[in-house]
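[1] Quick one: sequence and predicted model below, then my questions.
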Amino acid sequence: MTATATSVNGIKIRLPEERWHHIIQRHADLANQQALLLQTISAPIRIVQGNEGALMAIRELKPRKWLVVIYKEGNTDGFVVTAFSTRKINSLNRRQQIWP
């Protein structure tokens with residue numbers, strides 16, 4: 001089953017099971033965090049420019065640890081590419097901020 005969230009741009013973003021399995025296979029710490037991942041797309045603290053047209057939604061998990069969800073938007077829908085948690089906020093801060 002494909003989970004979905006609506007981005008801050010009003011675009012429906014799909015999280016297919018295949019992508020979810022990809023994420024939790026590489027980032028086991030996110031295994032029970034699917035709802036939070038979807039909330040990060042809908043209500044991030046900010047969005048920065050990713051590579052190749054992707055967007056990176058960011059939400060703080062706990063002090064000095066962030067969840068980053070990388071997704072792409074089309075005209076009518078989009079999809080999650082991957083997600084990960086990080087403590088390296090400096091590399092994210094160097095990217096162009098898209099929202100807010």
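    Looks like it arrived, so ask away. Numbers count the residues shown, from 1 in each chain.

[2] and the residue nearest the centre of the chain, what pLDDT?
    Within the chain, the residue whose C-alpha comes closest to the C-alpha centroid is Val69; the distance, by CA atoms, centre = their mean, is 1.5 Å. Note for Val69: predicted pLDDT of 98.

[3] Check which helices and strands the helix or strand where it lies is in contact with.
    Using DSSP states H and E, the element containing Val69 is strand 65-73. Under the contact definition 3 or more CB pairs under 8 Å, 6 or more residues apart in numbering; DSSP states H and E, strand 65-73 sits against helix 34-42, strand 55-62, strand 77-86, helix 89-93. (C-beta placed from N, C-alpha, C; glycine too.)

[4] okay if I get those as a markdown table plus mean neighbour count and distance to His21?
    As requested, the helices and strands packed on strand 65-73 are exported to a markdown table (neighbours: other CB atoms under 10 Å; distance: least, CB to CB, whole Å):
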| stretch | mean neighbour count | distance to His21 |
| --- | --- | --- |
| helix 34-42 | 18 | 11 |
| strand 55-62 | 19 | 20 |
| strand 77-86 | 18 | 11 |
| helix 89-93 | 11 | 25 |
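
[5] okay if I get those as CSV plus mean pLDDT and distance to Ser7?
    Compiled in CSV, the helices and strands packed on strand 65-73 are given as follows (pLDDT from 0 to 100; distance: least, CB to CB, whole Å):
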stretch, mean pLDDT, distance to Ser7
helix 34-42, 98, 6
strand 55-62, 96, 8
strand 77-86, 98, 7
helix 89-93, 94, 18
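
[6] Export the ones you listed as a markdown table, with columns for distance to Val48.
    Below are those laid out as a markdown table (distance: least, CB to CB, whole Å):
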| stretch | distance to Val48 |
| --- | --- |
| helix 34-42 | 13 |
| strand 55-62 | 5 |
| strand 77-86 | 12 |
| helix 89-93 | 6 |
